[in-house]
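Asks: next input, structure requested:
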Amino acid sequence: SIDRDICAITMVLPFCLAAYRFGIYDITPLQGLGGNLKLAAYIGIFILYILMRIAAAKIVHPKRMNQKTAKAAGRIALTYFIILTLTILGTGSILTFSGASPEVVRNAIIWISAAIYALMLLRKFEIFCSSCSVFAGFLYLCALEILPTGILVVPALIF
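Replies: Alright, predicted model coming up:
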């Protein structure tokens, strides 16, 4: 688990660089920024997202759930983040090298990201349901994953 955590931390910069390069989170307020400021904004948004997830985990701490299970559910996102980053880098590289348009590359990366995120949600839901009811597992999933991600995605839909 320590190796996974270190690997996930080292994937933050490549993920942010890929998100910047392919315009994955291209909202209107960021379009006016120059190259370095826009990259810094991407990194800042990513750090803010991680802080929101940590805050949600601190606030909505599953008290009745086994601590080992709760920790496993919290760490599953790191594993899928590593998979997501490697997949984004590979897909972006292959499609760019093959001459695909930037919009095709962007859409492919967004759909692949959504699919990997959905798999992570399903796995996390299974982990929650192993220690609590399906309803409680769904509520934990909403509070710990869907709410922070919704706060990240809504500006992209509005702007």
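Asks: buried residues in the helix or strand containing residue 150?
Replies: Using DSSP states H and E, residue 150 sits in helix 147-158. Of all the residues in helix 147-158, those buried under the rule 16 or more other CB atoms under 10 Å are 148, 152. For every residue, glycine as well, the C-beta is placed using N, CA and C.
Asks: quick one: list the elements packing against that helix.
Replies: Here helix 147-158 touches helix 35-59, going by 3 or more CB pairs under 8 Å, 6 or more residues apart in numbering; DSSP states H and E.
Asks: avg pLDDT for the helix it packs on?
Replies: When pLDDT is averaged over helix 35-59, the result is 91.
Asks: mind listing what's buried in the helix or strand following it?
Replies: Remark: after helix 35-59, the chain's next helix or strand is helix 67-97, criterion DSSP H and E. For helix 67-97, burial by neighbour count (16+ other CB under 10 Å) applies to 70, 73-74, 76-78, 80-82, 84-85, 88-89, 91-92, 95.
Asks: relative to helix 35-59, how tilted is the helix holding residue 150?
Replies: 140 degrees (axes from the mean of the first three to the mean of the last three CA atoms, to 10 degrees).
Asks: alpha carbons only: can I get helix 147-158 in PDB?
Replies: The C-alpha coordinates for helix 147-158 follow below in PDB (Å, rounded to 0.1, in the frame of the first residue of the first chain):
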ATOM      1  CA  LEU A 147     -20.600  15.300  -3.900                       C
ATOM      2  CA  PRO A 148     -16.900  16.400  -4.300                       C
ATOM      3  CA  THR A 149     -16.900  15.200  -7.900                       C
ATOM      4  CA  GLY A 150     -20.200  17.100  -8.600                       C
ATOM      5  CA  ILE A 151     -18.700  20.200  -7.200                       C
ATOM      6  CA  LEU A 152     -15.800  19.800  -9.700                       C
ATOM      7  CA  VAL A 153     -18.000  18.900 -12.700                       C
ATOM      8  CA  VAL A 154     -20.800  21.400 -12.400                       C
ATOM      9  CA  PRO A 155     -18.600  24.400 -13.300                       C
ATOM     10  CA  ALA A 156     -17.400  22.500 -16.400                       C
ATOM     11  CA  LEU A 157     -21.000  22.100 -17.400                       C
ATOM     12  CA  ILE A 158     -22.100  25.600 -16.700                       C
END
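Asks: fine, thanks again, bye for now.
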